[in-house]
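Visitor: Okay, sequence plus prediction incoming.
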Amino acid sequence: MTTAEPPTPAESPTPAKSPTPADPRAPAERPAHSDPAEAGISWLRPSPLLLRARRIQVGLVTVPAAIIVAAAGLAASPTASVGAAAAVLVAGLLSERFLARRVAAWGYAERDDDLMVRRGVLVRRQSVIPYGRMQFIDVTAGPVERSLGLATLRMHTAAAASDARIPGLDKAVAAVLRDQLAALGEAQAAGL
């Protein structure tokens with residue numbers, strides 16, 4: 001009597017389920033230059049709509065600023081006025097490149113005892129917030145975020161310098177994460 005060998009991963013009857021790119025809570029792909037100490041961490045990313053929200057916000061500042069600069073300089077020199085307005089618009093367009101990198105730098109990971117949040121382009125910042133130290137968690141959304149169905153989750157701790165926030169979450173994801181973090185915080189604070 002021969003024994004059957006267990007199926008190899010390629011022959012497995014149930015294929016491994018991979019997260020879809022449309023899932024806002026899908027783990028982010030690790031870049032090649034990522035820290036090896038973070039190899040086991042499953043980073044989650046904000047919604048891709050966060051970049052659109054930031055672009056709209058820059059446009060809402062850049063276009064009126066260009067109009068004001070053009071109107072202010074028309075009396076002195078129309079050519080200089082147009083040049084200054086064009087410079088303001090070019091600066092707004094150049095800031096878009098920085099926005100894309102800044103949005104791509106955001107990530108968060110839920111672990112057993114804490115929540116990790118990373119951000120930053122020039123200065124990379126990684127915050128670790130123990131669930132038991134969270135005092136309250138709120139969800140905020142400005143007009144641009146609300147129009148796109150996004151929200152920002154903020155975690156407040158006793159430390160005045162803590163700036164733990166996760167922008168660009170889908171409203172439903174933010175509400176679920178808020179409730180989950182609040183429950184974990186209560187359990188950790190109670191010593192369970």
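Guide: Yes, it's here.

Visitor: Please count neighbours and contacts with C-alpha atoms only from this point.
Guide: Noted.

Visitor: quick one: Gln135 is in a strand?
Guide: Yes: the assignment for Gln135 is a strand, going by DSSP: H, G, I helix; E, B strand; the rest coil.

Visitor: need the contact list for it.
Guide: Neighbouring residues of Gln135 by Cα atoms under 8 Å, 6 or more residues apart in numbering: Met155, His156, Thr157, Ala158, Gly185.

Visitor: Mind putting those into TSV with pLDDT and neighbour count?
Guide: Output for these, formatted as TSV (pLDDT from 0 to 100; neighbours: other Cα atoms under 10 Å):
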residue	pLDDT	neighbour count
Met155	87	23
His156	85	19
Thr157	81	19
Ala158	76	10
Gly185	81	22
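
Visitor: what bits of the chain have low per-residue confidence?
Guide: In the predicted model, the chain carries pLDDT under 70 at residues 1-39, 160-163, 189-192.

Visitor: any idea which helix is longest in it?
Guide: As assigned by DSSP state H, the longest helix anywhere in the chain is helix 78-104.

Visitor: And the contacts of the following helix or strand past it?
Guide: Per DSSP states H and E, the first helix or strand lying C-terminal to helix 78-104 is strand 107-110. If you take Cα under 8 Å, 6+ apart as the criterion, strand 107-110 is touched by 28, 41-46, 115-119, 166.

Visitor: 7 Å - rerun?
Guide: Applying Cα atoms under 7 Å, 6 or more residues apart in numbering, the external contacts of strand 107-110 come out as Ile41, Ser42, Trp43, Leu44, Arg45, Pro46, Leu115, Met116, Val117, Arg118, Arg119.

Visitor: so what secondary structure elements neighbour the longest helix of the chain?
Guide: helix 49-73 (3 or more Cα pairs under 7 Å, 6 or more residues apart in numbering; DSSP states H and E).

Visitor: Which positions in the helix it packs on come out as buried?
Guide: For helix 49-73, burial by neighbour count (16 or more other Cα atoms under 10 Å) applies to 49-55, 58-59, 62, 65-67, 69-70, 73.

Visitor: Residues touching it, excluding its own?
Guide: 80-82, 84-85, 88-89, 92, 96, 100, 103, 144-145, 168.

Visitor: Looking at those residues, spot the one nearest Ser127.
Guide: Val103 (16.5 Å; Cα to Cα).

Visitor: Could you check how far the closest one is from Ala86?
Guide: Val103 sits 26 Å away from Ala86, going by Cα to Cα, to the nearest Å.

Visitor: Of these two, which one has the most company?
Guide: Val103 (23 against 16; other Cα atoms under 10 Å).

Visitor: roughly how far apart are that one and Val82?
Guide: For Val103, the distance to Val82 - Cα to Cα - is 32 Å.
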